[in-house]
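> kindly return the folded structure for what I paste below:
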Amino acid sequence: LDVTMNGKDFIDSTFKFKYYDPIEIFNSTPAYGPITGGTRVTLSGANFENNDKLFCKFGSINVTAEFVKSTEVICVSPAQSEAVIQVSVTNNYQDFSLSTTPFEYLPPLEIHRMYPQKGYRWGGYTTLLEGQYFRESGSIYCKLGAHVSVATVINSTLALCKIPPREHLDILPQELSNNDQQYTNASFMLEYVRFQVVTEMNRASGPITGGTEVH
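Sure, this is the predicted structure:
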């Protein structure tokens, strides 16, 4: 980078100025997260530079970017109110990319009820979760202990989680997430129980009016 005071006589400085190709952003994964922030968002694109001026902008908020490779960076979403915002990236903390990708801020998922709360260890059945803020488009995720699966969403307040088999009897937390990162608090537990077998019954019939005691 050379400097002149009169338009003719240039001073040869030791500073270098680098020109780089414009940043392109193709998509983000995940493309949504809670309003509390904290989602690790992977941005796929082109022409990312590995330097300390690499930043992401979520709407109007700048956050440090983690360089993975020239086609991938990771940024942690800051807290913001419920909205769909645009995410851009800069290599020099000044010129942000014209290319952007949307990111949706959602209210945190809540679970109010779960049924059943007990089941047999061979799995294969489902639990019904009732709450609010379940995403009806795309996928939401069930987590039972460390096992993650995709939920069946009925509507914004109801979802079904398929229960996996378990080798041993256990009690595990059942949680939900809109993005497979931030899960609900482990306030509901599923208990794996032994299969109950009836070996004897003292009566096998009774009147249609009911009232027969069966042991």
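> can we go C-alpha only for contacts and neighbour counts from here?
Noted.
> now Lys118: closest residue in space, sequence neighbours ignored.
Glu191 (4.6 Å; Cα to Cα, 6 or more residues apart in numbering).
> show me the contacts for the one you found.
117-119, 169-172 (Cα atoms under 8 Å, 6 or more residues apart in numbering).
> check the secondary structure at it for me.
What DSSP: H, G, I helix; E, B strand; the rest coil gives for Glu191 is strand.
> ok, the most centrally placed residue in the chain to Lys16 distance?
Note on the chain: the residue nearest the mean C-alpha position is Asn179, at 1.8 Å, using Cα atoms, centre = their mean. Distance of Asn179 to Lys16, given as Cα to Cα, to the nearest Å: 43 Å.
> same deal with Ser156?
55 Å.
> ok, those two, which is more surrounded?
The neighbour count for Ser156 versus Lys16, taken as other Cα atoms under 10 Å, is higher for Ser156 (15 against 8).
> ok, and what's touching the helix or strand hosting Ile85?
Here Ile85 sits within strand 83-90, counting by DSSP states H and E. Outside strand 83-90, the residues within contact range by Cα under 8 Å, 6+ apart are 23, 25, 53-59, 96-106.
> list buried residues within those residues.
The neighbour-count test (16 or more other Cα atoms under 10 Å) marks 23, 25, 54-59, 96-97, 100-106 as buried among the contacts of strand 83-90.
> so of those residues, which ones are in strands?
Per DSSP state E, strands hold the following members of the buried ones among the contacts of strand 83-90: 25, 55-58, 101-106.
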